[in-house]
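Q: Sequence unavailable; structure follows:
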C-alpha cells in the first residue's frame, strides 16, 4: 500500500493495531452443551481435600450436577451436603476438553460455592508437562468465609510481576511456586478489594461477570457485580460477539513485568472444582471465624453437611474469544494442580 502523508501512515498503523486486536468468539459453553465440552476429573484431589471426585454418570445420579435447575438456564455443580458422618464427600471437578494459549475468557456466574471448609476455584491450567511448567491462572478462588476474591499465577522460576496497572492489592510478586520466602506454592497473588467479589456477598448480589485476558504482554482480570456488567457482555447486546477490553478501564488484576508469558503459560484447560479443607482451607482453619465451629476443618465437613448447602456453582456461561486460531483438543495426558 502506498501512503503519501505521515499522518496517513500513523492513522493506518493505529487502525491496523486495533484491527489485529479484535476479539471474535471461539467457544460458548452454556446449559445446552456444557457437559459435552468438559471431562470429569476422577483422580484423588491433588490438594489433599476431603472430597472424592465423581464421573459424569455418578454425579448426575447423585444430583450433584444439572442444567437449568429451578427453571433457570444455569449449569449446576455441587457436592454432597446431606450425608452425615462422611470423611470424604462426593464432589465434581471439570476440565475442558479443549486447551488455549491466548484469548479472552468471560465467566458469567450466578452463584459460587461458599461456607466453612469450602475451597472453590475457577482457573486455567497448563497441560502436557509437569505442574507448573505450563502455568496456572487462578481467576476465582478463596476458602472458608472469604469475602474478597484471590487471583494468582503459579509458575516455575523466572516470572515476577510489577505492582502497577491494577486496582487490586498485591499480596505476592514472585510467581515461582518454589519461592521459599513467600511460602511454597504461593505464586504471585492479587486480591480484589471489593468485599462482594467472592463468597456470600457475591451470591447475595446475584453474582457477576469475570473476564480474563491472556496476551503475550499481560494477564488481566476484570470483575463486575450484577447490575454493573458492561453492556457489550450482555447476551442480548449486539456487540457481545466482539468484546473490546480497551473500553473496560483498569483491571482489578494485571500480571505483567519480568515474565515471559508465552513461555510460562501454554495449552491451558478451563477448570471448575470444589474441594473441602485440604492444603489451603484446612491449613488456615484456625485463623478465621470458622474455627469456632469445630476443632478442625476435617471434623467440621465430616459431621456437618448442613453447613455445606451453599457449596454449589450456578454458571450462566463461559465464553472464549480469540484473535487467531481457536483452542485444540487436549490429549489423554492431563496435569493436575500440585503434582
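A: That came in fine, so what should we check first? Remember, it's a predicted structure, so these values are computed and weren't measured experimentally. Residues are numbered from 1 along each chain as shown.

Q: Low-confidence stretches in the stretch 151-300 of the chain?
A: 236-240 (pLDDT under 70).

Q: show me where it has helices.
A: Using DSSP state H, counting those that start in this stretch, the helices found in the stretch 151-300 of the chain span residues 199-204, 261-264, 297-303.

Q: Name whatever forms a beta bridge with residue 190.
A: The bridge-partner assignment for residue 190, based on DSSP bridges, gives residue 151, residue 170.

Q: And it, how far from residue 277?
A: 25 Å (C-beta to C-beta, to the nearest Å). Where you see a C-beta, it was placed from the backbone N, CA and C, and this is true even at glycine.

Q: one step back: closest one to residue 131 among the helices of the stretch 151-300 of the chain?
A: helix 261-264 (12.2 Å; C-beta to C-beta).

Q: quick one on the thing from earlier: mind checking which of the helices of the stretch 151-300 of the chain is nearest residue 213?
A: Between these, helix 261-264 lies closest to residue 213; by C-beta to C-beta that is 11.2 Å.

Q: Tell me which residues are up against that closest one.
A: 101, 134-135, 155-156, 158-159, 175, 214-219 (C-beta atoms under 8 Å, 6 or more residues apart in numbering).

Q: Residue 297: what's it in contact with?
A: Taking C-beta under 8 Å, 6+ apart as the definition, contacts of residue 297 comprise 50, 116, 117, 276, 277, 281, 282, 285, 290.

Q: try residue 23
A: Residue 23 makes contact with 103, 104, 242, 243, 244, 245, 321, 322, 323, according to C-beta under 8 Å, 6+ apart.

Q: can you put these in TSV and add distance to residue 124 and neighbour count?
A: Below are the contacts of residue 23 laid out as TSV (distance: C-beta to C-beta, whole Å; neighbours: other C-beta atoms under 10 Å):
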residue	distance to residue 124	neighbour count
103	10	22
104	12	23
242	22	13
243	18	23
244	21	14
245	17	18
321	14	22
322	14	19
323	17	14
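
Q: wait, residue 304 sits on residue 293?
A: Yes: using C-beta atoms under 8 Å, residue 304 is in contact with residue 293, at 7.2 Å.

Q: deepest of the helices of the stretch 151-300 of the chain, which one?
A: helix 297-303 (a mean of 22; mean count of other C-beta atoms under 10 Å).

Q: Let me know the next secondary structure element after that one.
A: strand 312-322 (DSSP states H and E).

Q: Could you please name the strands that next one pairs with and the direction of each pair?
A: Paired strands of strand 312-322, with direction, are strand 24-29 (antiparallel), strand 75-78 (antiparallel), strand 103-111 (antiparallel) (DSSP bridges).

Q: Quickly compare those and say which is most buried.
A: Of all the strands paired with strand 312-322, as judged by average neighbours under mean count of other C-beta under 10 Å, the leader is strand 75-78 with a mean of 24.

Q: Identify the nearest residue to residue 153 in space, disregarding sequence-adjacent positions?
A: Spatial nearest neighbour of residue 153, chain neighbours left out: residue 175 (4.4 Å); criterion: C-beta to C-beta, 6 or more residues apart in numbering.

Q: what's the neighbour count on residue 278?
A: 21 (other C-beta atoms under 10 Å).

Q: hang on, residue 184 packs against residue 172?
A: No: look at residue 184 against residue 172 with C-beta under 8 Å: they stay out of range, at 11.9 Å.

Q: more crowded one of these two?
A: Taking other C-beta under 10 Å, residue 184 and residue 172 do not tie; residue 172 has more neighbours (18 against 10).

Q: if I pick the more buried one, what's in contact with it?
A: Contacts of residue 172 (C-beta under 8 Å, 6+ apart): 182, 186, 187, 188, 189.
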